[in-house]
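Asker: Coordinates only, no sequence provided:
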Ligand SMILES: NC(=O)c1ccc[n+]([C@@H]2O[C@H](COP(=O)([O-])OP(=O)(O)OC[C@H]3O[C@@H](n4cnc5c(N)ncnc54)[C@H](OP(=O)(O)O)[C@@H]3O)[C@@H](O)[C@H]2O)c1
């Protein structure tokens, strides 16, 4: 298949590219900074995307968006986080809607859609939560309306905390944990729904190959854990102590509003739809996933 990916040079995009190429698909990257003749340039801020370059595309993965954790949230960063997603999705969806090839459009979204929901299990039928990220995710998903109205298959993958060594939340946590300065954040009772990077990429390929899947699809492992369990497991895998809890106020002092929505919010998400479709997870449990990502095999019995 000819597959195009926005954000294809990002953390998730690189893992997805690799799996698609290994499976024999032709991949084109849609990027603001083309690196080769094969790359397709675009600029969502200026509504620029050359439609003729997409003529033979059968599937579009849309992953691009301003990184949500690259700096403290203020009015300007929040506007960039929201606008890059909403404008980018409007541009890609209205463009593919005009293509005769009627490609499938598989978009990134995030479990931030559900907001802070305590211990409740959240499958795809759960409604949106409250807060900045929940609002962004709702608007981001709605922005694909032009493609849906044109009758295309549109999927919104509500992605959990991606576990990878190359970037994302885990990479940021490693230094304090390696120094023995890690610990639970806040009460530690908040649920974190996670997914290992190569599992996420495999799930995306599965979604591409299963035309019966459309609408929201939770992209998380089946066993979310509390932050307490997450930090204890990470410390065990790294063979370091995790004695130093970070109180909620300290997280807020360090990260501002972002702390409440990214670290202290509890979101216990179930991958109900992808399970029912028959996807076989590579990593269902946290410890083997962390051991794989961090290259730390389990000690021999
Ligand atoms: N990583 C996670 O834990 C996680 C969790 C939930 C959801 N997600 C979502 O999954 C998607 C991919 O995540 P990722 O971690 O791979 O992201 P990433 O590494 O930050 O990469 C995203 C790509 O988006 C493009 N981009 C960045 N800022 C942009 C802007 N202002 N306007 C337009 N494009 C911009 C860049 O591509 P170019 O420079 O090539 O244009 C970048 O490579 C994102 O939408 C993210 O919100 C990720």
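Answerer: Cool, got the structure. These figures come from a predicted structure and were not determined experimentally.

Asker: Strands along this structure, start to end?
Answerer: Assigned by DSSP state E, the chain shows strands spanning 2-6, 26-31, 40-41, 59-62, 104-110, 121-122, 154-159, 161-163, 191-192, 194-196, 215-219, 225-226, 268-269.

Asker: any idea of the pLDDT on the residue lying closest to residue 130 once chain neighbours are set aside?
Answerer: Nearest non-adjacent residue to residue 130, counting by Cβ to Cβ, 6 or more residues apart in numbering: residue 115, 5.1 Å away. Heads up, the C-betas are built off the backbone N, CA and C, glycines and all. In this model, residue 115 is scored at 97, pLDDT.

Asker: what do you get for residue 53?
Answerer: For residue 53, the predicted pLDDT is 96.

Asker: what's around the residue nearest to it when sequence neighbours are not counted, how many residues?
Answerer: Closest residue in space to residue 53, ignoring its immediate chain neighbours: residue 40 at 4.5 Å, by Cβ to Cβ, 6+ apart. Residue 40 has 19 neighbours, counted by other Cβ atoms under 10 Å.

Asker: tell me the contacts of the residue nearest to residue 130?
Answerer: 128-131, 133-134, 265, 267 (Cβ atoms under 8 Å, 6 or more residues apart in numbering).

Asker: and if we set it to 10 Å?
Answerer: When contacts are counted by Cβ atoms under 10 Å, 6 or more residues apart in numbering, residue 115 touches 122, 126-135, 137, 261, 265-267.

Asker: do residue 269 as well
Answerer: 111, 113-114, 117, 120-124, 126, 158-160, 191-195, 218-222, 224.

Asker: if we go to 8 Å?
Answerer: Contacts of residue 269 by Cβ under 8 Å, 6+ apart are 111, 114, 121-123, 158, 160, 193, 218, 220, 224.

Asker: Which residue, neighbours along the chain excluded, lies closest to it?
Answerer: Leaving aside its chain neighbours, residue 269 sits nearest to residue 193 (4.0 Å; criterion: Cβ to Cβ, 6+ apart).

Asker: what does the stretch 151-300 of the chain have sitting close to the ligand?
Answerer: 159, 161-162, 167-168 (Cβ under 6 Å from any ligand atom).

Asker: Now do the nearest residue to residue 169 once chain neighbours are set aside against residue 109, distance only.
Answerer: The shortest distance from residue 169 to any non-neighbouring residue, by Cβ to Cβ, 6+ apart, is to residue 161 (5.2 Å). For residue 161, the distance to residue 109 (Cβ to Cβ, to the nearest Å) stands at 14 Å.

Asker: what about the closest residue to the ligand within the stretch 1-150 of the chain, how many neighbours?
Answerer: Per Cβ to the nearest ligand atom, the residue of the stretch 1-150 of the chain with the smallest distance to the ligand is residue 10, at 2.2 Å. Residue 10: 18 surrounding residues under other Cβ under 10 Å.

Asker: Next, count neighbours for the closest residue to it other than its chain neighbours.
Answerer: Of all residues not flanking residue 10 in the chain, residue 63 sits nearest, at 6.1 Å (Cβ to Cβ, 6+ apart). When neighbours are counted by other Cβ under 10 Å, residue 63 registers 22.

Asker: Just the pLDDT for residue 63.
Answerer: Residue 63 is assigned a predicted lDDT (pLDDT) of 98.

Asker: Next, name the residue at the spatial heart of the chain.
Answerer: With distances taken as Cα atoms, centre = their mean, residue 159 lies nearest the centre of the chain, 3.7 Å away.

Asker: which ones are touching the closest residue to it other than its chain neighbours?
Answerer: In this structure, residue 159 finds its nearest non-sequential neighbour in residue 219, 4.5 Å apart by Cβ to Cβ, 6+ apart. Applying Cβ under 8 Å, 6+ apart to residue 219 gives the contacts 157-160, 195, 200, 203-204, 271, 274.

Asker: Can you redo the residues you listed as JSON lines, where the extra columns are pLDDT?
Answerer: What follows is these, written out as JSON lines (pLDDT from 0 to 100):
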{"residue": "157", "pLDDT": "98"}
{"residue": "158", "pLDDT": "98"}
{"residue": "159", "pLDDT": "98"}
{"residue": "160", "pLDDT": "98"}
{"residue": "195", "pLDDT": "98"}
{"residue": "200", "pLDDT": "98"}
{"residue": "203", "pLDDT": "98"}
{"residue": "204", "pLDDT": "98"}
{"residue": "271", "pLDDT": "98"}
{"residue": "274", "pLDDT": "98"}
